[in-house]
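**Student:** Kindly return the folded structure for what I paste below:
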Amino acid sequence: MMVTLSVNGTPHTVDAPPDMPLLWVLRDLIGLTGTKYGCGMALCGACTVHLDGRPARSCVTPVGAAASKRITTIEGVGETPSGKRVQQAWLDVEVVQCGYCQSGQIMAAAALVARTPHPTDADIDRAMAGNICRCGTYPRIRAAIKRAAGG
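**Tutor:** Sure, this is the predicted structure:
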């Protein structure tokens, strides 16, 4: 089935079954490999993208459900005001250790900063729950989110 997706503001027409996970469409059919496969069950957050500005786990989102939405990936989030601030804060605070989870972490953080300009610790905890970092960079992630939010 031919599906047209809006990814980072660019239309992409792909031949994919409607139940194919969006993650594999992004990585294998479109060639955007910044979104990572972590667990395949929406438990780790490595595959987080934005659908109409809201964070979503692309490993369990069927491409058919994403076809009518604006999809933003890590490759395009820096073009948004919150994404640009979050990415710069990530660099300033030196969040990354191994880096595998960071695209999903940044996507979740950018969605939070976009909808909650001055997040509390509780807001951060809620928004980042389920985004797992094996290296344990959580204190730096929190600091970067606060920096991106201007706090």
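
**Student:** low-confidence ranges in the protein?
**Tutor:** Residue ranges of the chain with pLDDT under 70: 151.

**Student:** do you know how far the spatially most central residue of it is from Cys98?
**Tutor:** The centroid of the chain falls nearest to Met107 when counting by C-alpha atoms, centre = their mean (2.9 Å). As for Met107, its distance to Cys98 is 17 Å (criterion: C-beta to C-beta, to the nearest Å). Bear in mind the C-beta positions are built from the backbone N, C-alpha and C, glycine included.

**Student:** How about Ala108?
**Tutor:** 18 Å.

**Student:** who's more crowded, these two?
**Tutor:** For Ala108 versus Cys98, the count of surrounding residues by other C-beta atoms under 10 Å is larger for Ala108: 23 against 10.

**Student:** show me what contacts that one?
**Tutor:** Residues in contact with Ala108 (C-beta atoms under 8 Å, 6 or more residues apart in numbering) are 45, 48, 55, 127-128, 131.

**Student:** what's the answer for Gly9, then?
**Tutor:** 70, 76, 79.

**Student:** out of the contacts of Ala108, who has the most neighbours?
**Tutor:** Neighbour max across the contacts of Ala108 (other C-beta under 10 Å) = Thr48, 29 neighbours.

**Student:** Does Thr13 belong to a helix, a strand or coil?
**Tutor:** Here Thr13 is recorded as strand under DSSP: H, G, I helix; E, B strand; the rest coil.

**Student:** Quick check: it touching Val7?
**Tutor:** No: look at Thr13 against Val7 with C-beta atoms under 8 Å: they stay out of range, at 10.9 Å.

**Student:** who's more crowded, these two?
**Tutor:** Higher neighbour count among Thr13 and Val7: Val7, with 21 against 10, using other C-beta under 10 Å.

**Student:** Beta-bridge partners for the more buried one, please?
**Tutor:** Beta bridges link Val7 to Thr10, Ile71, judged by DSSP bridges.

**Student:** That one and Ala67 touch, don't they?
**Tutor:** No: under the contact definition of C-beta under 8 Å, Val7 does not touch Ala67, with a separation of 11.0 Å.

**Student:** Could you find the closest non-adjacent residue to Gly130?
**Tutor:** Among residues not flanking Gly130 along the chain, Gly45 sits closest, at 5.3 Å (C-beta to C-beta, 6 or more residues apart in numbering).
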